[in-house]
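Asks: This is the structure alone, sequence omitted:
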């Protein structure tokens with residue numbers, strides 16, 4: 001081991017020199033293009049319209065729950081097994097695997113929350129060309145064509161989606177290497193025994209291409225013991241010009257076509273200061289795409305955890321508005337169509353087709369498969385202060401005191417890797433953090449919390465308990481030769497626990513127990529970074545694909561690694577409290593289903609205006625695929641923001657779900673009060689706006705947890721028939737009722753916000769100015785401006801008294817903002833629980849607030865839920881109101897009383913002062 005360490009030390013020094021130097025830019029040469037990824041290059045070389053696959057209709061079996069039949073590749077005579085399921089909730093599942101593979105192919109476990117329930121399939125018709133199956137609803141059916149194999153999902157006379165319509169289905173079957181002298185005798189016997197998977201007289205000779213059995217990238221060789229194993233399938237979406245999703249990419253909300261460049265890549269990687277507006281892979285991968293037009297929204301969930309590339313083409317791409325008008329004038333009948341092709345390195349084809357038809361149906365369908373956003377503790381929705389690194393306990397205490405001195409609320413202060421004893425996670429630096437419980441108690445006394453980093457690379461050190469336990473239990477991932485896999489990361493030589501193992505995850509979770517994680521307390525939470533996994537001296541700064549997780553290669557499971565680290569850590573935080581307390585865990589790497597375990601952020605961004613702008617489409621894209629708890633490092637991780645950028649980033653971050661400032665080790669300190677009193681005041685105001693809105697934010701998290709709907713959402717989700725919203729990405733909605741257009745341009749004197757809905761009203765939340773919907777509104781701005789609008793027809797609860805942390809505001813009173821629509825009605829909700837335990841499943845307050853016919857009322861939506869609150873209603877502000885002669889309050893005991901009010905005739909704003917009813921009670925307020 002010493003020799004390996006000595007040999008690799010210069011590599012780590014060199015890597016760190018580059019990482020920590022001032023050359024703040026991604027080295028694209030460290031990461032593969034499609035041409036450098038042999039399976040992608042191979043698959044992309046296939047020509048459309050030449051599919052070798054046909055369906056063998058005589059092999060069809062139809063039970064109540066599924067259809068199976070065999071497909072044959074007429075070139076090599078290899079057979080595949082197709083399974084087709086109709087799922088509850090208007091979804092269809094298609095699985096394709098080898099009929100008799102040489103060895104099992106990987107199928108992704110643990111991502112689906114259960115085996116999806118099926119509904120009956122029935123045969124409508126059949127002939128020698130194919131079969132027609134009913135999907136339940138009278139007009140929905142699947143047409144399976146035999147030669148070449150193709151699936152069309154129809155509704156009435158319309159094709160909703162087609163599979164293999166371009167003939168790009170490809171399935172590289174597992175095979176013996178021709179030139180091998182070390183053939184597996186068992187596999188050879190199996191080949192001899194199964195002639196149907198073997199060459200027939202008509203079989204074309206299959207050629208071995210470069211990269212099939214071994215592949216080298218830079219200095220790294222991938223041994224590929226199983227040979228080529230890629231899978232691919234194309235989908236056609238008639239009538240669709242807008243597709244979204246497949247995060248994580250630093251790109252536009254509406255996905256671009258990829259014909260003239262690389263496909264979008266899904267392969268979790270530690271990308272050093274990523275470039276913007278390109279399809280390169282980043283830290284996380286969610287293989288879910290949404291397609292939308294004014295008539296329908298559909299979704300494709302490609303359940304595969306291997307390296308994946310997604311090609312997008314469109315018959316309207318590149319056409320100018322003039323070109324489209326010309327088509328219209330000339331009567332061109334070409335329907336817009338988007339074609340999507342998924343290519344994965346290994347595994348099987350397992351795809352869920354979500355048929356909507358509305359955006360909210362898609363969210364519900366996807367949530368039924370992979371679960372919803374974890375419901376965080378209320379404090380986690382507040383503001384987080386972080387940097388790499390706060391130096392010691394005195395530094396933490398000074399920063400904490402600085403927030404009080406400058407009257408800026410915050411909930412969590414964060415510690416990065418330097419807080420540990422030599423990058424040994426679950427430990428504290430014995431000199432700088434000698435008494436961690438004392439530090440944590442000091443924060444607890446102020447009702448504040450801390451997050452400390454726990455990364456999944458474990459220092460190889462025989463004096464380190466965690467390493468010794470993992471090694472003794474043989475929990476490390478193995479290299480291709482069977483030894484423990486070792487790579488370089490922050491501690492130097494490191495092992496990587498095999499989180500795909502249930503017993504390893506159980507053990508890891510047990511390490512968060514208070515008697516195991518010395519110095520930890522109940523107000524210490526966790527951050528998983530570097531969990532792609534990051535391996536400084538590995539290919540593409542990650543793990544070798546031929547490393548082994550038990551029987552499976554790393555190539556099969558790569559995109560799941562961070563998901564499993566996040567899962568095990570969240571479980572550890574739950575277990576340490578005996579299952580009582582909700583966890584908070586932030587992760588950098590993620591996959592489909594990661595929403596069940598906590599928050600994500602957009603990684604190592606930079607203090608540049610374009611990085612501020614891209615944070616909006618990046619978080620919108622994540623929300624569309626279930627991961628609502630998203631944010632970006634406020635101020636930018638790399639480089640140093642000027643004061644204008646820093647202020648604008650706080651103003652933007654205050655309206656994104658995860659609100660955390662973070663900065664690189666080499667940047668100057670940037671606590672909010674270090675830029676002069678004027679900028680401190682601007683930042684204070686942005687943070688305070690976040691805290692006043694916590695009741696509304698918390699309600700949105702509750703709804704996301706219940707429904708799977710995104711918290712921060714693109715406008716088209718609520719206005720699906722308005723094409724003006726389809727590509728908007730510089731503004732967004734929080735829930736249904738708040739529209740935010742942050743200022744993201746340097747030196748901006750104004751912004752133009754699109755206010756949707758031709759029958760809608762929108763009220764400026766700062767001035768109460770009323771605006772009509774379906775217009776682009778120019779808004780002059782100053783440095784204090786954060787353009788935010790409340791939808792007419794909504795009621796939003798706030799807490800106006802901001803204190804040092806969210807927990808200090810628990811019993812404070814509410815102010816209700818009632819914004820009337822043109823029909824002079826409004827409705828909203830109020831949700832209250834204890835803010836931190838799982839008791840919310842039974843103990844909570846959930847009330848419907850509604851205004852109609854001059855009566856505002858609060859009605860219990862959950863009469864069986866038991867919870868009481870000391871909070872009361874101290875003010876009601878009605879926007880768009882008329883002046884009443886009097887205001888009468890009727891409480892749940894039948895008592896009536898007259899309440900004081902003010903009326904601003906110039907703005908049509910009625911303010912009812914101190915009505916005084918309990919926030920959990922029934923009451924009504926009559927305007928007479």
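Replies: That came through, no problem. Not measured: the values here are computed from a predicted model. Numbering: from 1, shown residues only.

Asks: Now do the contacts for the nearest residue to residue 623 once chain neighbours are set aside.
Replies: Take residue 623 and drop its neighbours on the chain: the residue closest to it by CB to CB, 6 or more residues apart in numbering is residue 710, 3.1 Å away. C-betas here are computed from N, CA, C, even on glycine. Neighbouring residues of residue 710 by CB atoms under 8 Å, 6 or more residues apart in numbering: 363, 620, 623-624, 626, 628, 704, 717.

Asks: Going by distance to residue 231, which of those residues wins?
Replies: Among the contacts of residue 710, residue 626 lies closest to residue 231 (CB to CB), at 23.7 Å.

Asks: Tell me who's in contact with the closest one.
Replies: Going by CB under 8 Å, 6+ apart, the list of residues near residue 626 reads 286, 288, 363, 366-367, 370-373, 592-593, 595, 708, 710.

Asks: Show me those residues that map onto helices.
Replies: Per DSSP state H, helices hold the following members of the contacts of residue 626: 363, 366-367, 370.

Asks: As TSV, those residues with neighbour count and pLDDT would be great.
Replies: Rendered in TSV, the data for the ones in helices among the contacts of residue 626 read as follows (neighbours: other CB atoms under 10 Å; pLDDT from 0 to 100):
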residue	neighbour count	pLDDT
363	27	99
366	27	99
367	21	99
370	23	99
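
Asks: From the contacts of residue 626, pick the one nearest residue 418.
Replies: Compare each of the contacts of residue 626 with residue 418 using CB to CB and the shortest gap goes to residue 595, at 30.1 Å.

Asks: thought the closest one was touching residue 371?
Replies: Yes - at 6.6 Å, residue 595 counts as touching residue 371 under the criterion of CB atoms under 8 Å.

Asks: any chance you could map the strands in the stretch 501-650 of the chain?
Replies: Per DSSP state E, counting those that start in this stretch, the stretch 501-650 of the chain has strands spanning 524-528, 548-549, 552-553, 585-587, 599-601, 630-631. These are given in chain order.

Asks: what's in contact with the last one?
Replies: To tie it back to what came earlier, the one meant is strand 630-631. 599-602, 615, 618-619, 622-623, 653, 656-660, 712.

Asks: what do you get for the second one?
Replies: Under the contact criterion CB under 8 Å, 6+ apart, strand 548-549 has outside partners 477-480, 482, 485, 498, 500-501, 554, 556-557.

Asks: And the fifth one, by the same measure?
Replies: Strand 599-601 is touched from outside by 284, 376, 380, 584-588, 590, 594, 622, 627, 629-633, 657-658, 660, 662, with contacts defined as CB under 8 Å, 6+ apart.

Asks: go on, the first one?
Replies: Contacts with strand 524-528, where a contact means CB under 8 Å, 6+ apart, come from 380, 412, 414, 440, 449-456, 512, 562, 565-566, 569, 572-573, 583-589.

Asks: Note down every partner strand of it and its orientation.
Replies: For strand 524-528, the paired strands and their directions (DSSP bridges) are strand 449-453 (parallel), strand 585-587 (parallel).

Asks: how about these in JSON lines, adding mean pLDDT, mean neighbour count and distance to residue 852?
Replies: Converted to JSON lines, the strands paired with strand 524-528 look like this (pLDDT from 0 to 100; neighbours: other CB atoms under 10 Å; distance: least, CB to CB, whole Å):
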{"stretch": "strand 449-453", "mean pLDDT": "99", "mean neighbour count": "24", "distance to residue 852": "42"}
{"stretch": "strand 585-587", "mean pLDDT": "99", "mean neighbour count": "27", "distance to residue 852": "42"}
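
Asks: Could you find the closest non-adjacent residue to residue 722?
Replies: Computed as CB to CB, 6+ apart, the closest residue to residue 722 that is not its neighbour in sequence is residue 756, at 5.7 Å.

Asks: That neighbour: neighbouring residues, count only.
Replies: By other CB atoms under 10 Å, the residues close to residue 756 number 22.

Asks: my guess is it contacts residue 718, does it?
Replies: Yes - using CB under 8 Å, residue 756 and residue 718 qualify as a contacting pair, with a distance of 7.3 Å.

Asks: Report all helices and strands that whichever helix or strand residue 488 is part of contacts.
Replies: Residue 488 is located in strand 486-489, with elements delineated by DSSP states H and E. For strand 486-489, the packing partners by 3 or more CB pairs under 8 Å, 6 or more residues apart in numbering; DSSP states H and E come out as helix 2-20, strand 492-495.

Asks: hmm, back to that, narrow the contacts of strand 599-601 to those in helices?
Replies: Short answer: the contacts of strand 599-601 in helices (DSSP H) are residue 622.

Asks: Can I get the buried part of the contacts of strand 599-601 as one PyMOL selection?
Replies: This is the PyMOL syntax for the buried subset of the contacts of strand 599-601, where burial follows 16 or more other CB atoms under 10 Å:
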select buried, resi 284+376+380+584+585+586+587+588+590+594+622+627+629+630+631+632+633+657+658+660+662
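
Asks: check contacts around residue 569.
Replies: Residues in contact with residue 569 (CB under 8 Å, 6+ apart) are 454, 508-509, 512, 526, 528, 583, 585, 597.

Asks: What is the nearest of the residues you listed to residue 310?
Replies: Nearest to residue 310 among the contacts of residue 569: residue 597, at 24.6 Å, using CB to CB.

Asks: now residue 778: how far from residue 764?
Replies: According to CB to CB, to the nearest Å, residue 778 stands 13 Å off from residue 764.

Asks: quick one, which of the two is more surrounded?
Replies: Neighbours per residue (other CB under 10 Å) separate residue 778 from residue 764, with residue 764 holding more: 16 against 9.

Asks: All the helices of the stretch 451-600 of the chain, residue numbers only.
Replies: 465-472, 502-510, 554-557, 561-576 (DSSP state H, counting those that start in this stretch).

Asks: Can you give me the buried ones in the second one?
Replies: Using 16+ other CB under 10 Å as the burial criterion, the residues of helix 502-510 that qualify are 504-505, 507-509.

Asks: who's in contact with that helix?
Replies: Counting contacts by CB under 8 Å, 6+ apart, the residues outside helix 502-510 that touch it are 469-470, 473, 475, 497-499, 516, 564, 567-569, 571-572, 575.
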